[in-house]
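Novice: sequence? don't have it. structure:
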């Protein structure tokens, strides 16, 4: 629901995934967005807050969401996975992502033929 609302609000969502950190044993929703790169982290967070306010029935907490720009290491590694593997909603990967020790990652499929930003080494 949150991703759909962001898209409806004209907020770029280049990629999104749930990442379980084995170090912290908690899930975080990572949203990769050009808005972070183009408008800055503060403005992007304001737009995220607006989406949360439009979804009072949303079960998740704002603290569970991490916005990252397309040049962030996590974003680059998500793009690399998307480039190698057809992503379906239930895909699970056990990887070390962006320097984070990750137990699991669930990447959302988005209506993009390929990641819109470059991937290092690709």
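Specialist: Okay, I see it. Owing to the predicted nature of the structure, the values given are computational and were not obtained by experimental measurement.
Novice: can you give me the distance of residue 108 to residue 59?
Specialist: According to CB to CB, to the nearest Å, residue 108 and residue 59 sit 17 Å apart. Just so you know, the C-beta spots here come from the backbone N, C-alpha and C atoms, and that holds for glycine as well.
Novice: neighbour-wise, which of the two wins?
Specialist: Taking other CB atoms under 10 Å, residue 108 and residue 59 do not tie; residue 108 has more neighbours (16 against 6).
Novice: which strand or helix spans the nearest residue to residue 108 once chain neighbours are set aside?
Specialist: Closest residue in space to residue 108, ignoring its immediate chain neighbours: residue 16 at 4.5 Å, by CB to CB, 6 or more residues apart in numbering. Mapping residue 16 onto the secondary structure by DSSP states H and E places it in strand 15-21.
Novice: just the angle between the helix or strand residue 28 falls within and strand 15-21, please?
Specialist: Remark: residue 28 resides in strand 26-32, with elements defined by DSSP H and E. Per axes from the mean of the first three to the mean of the last three CA atoms, to 10 degrees, the angle that strand 26-32 makes with strand 15-21 is 160 degrees.
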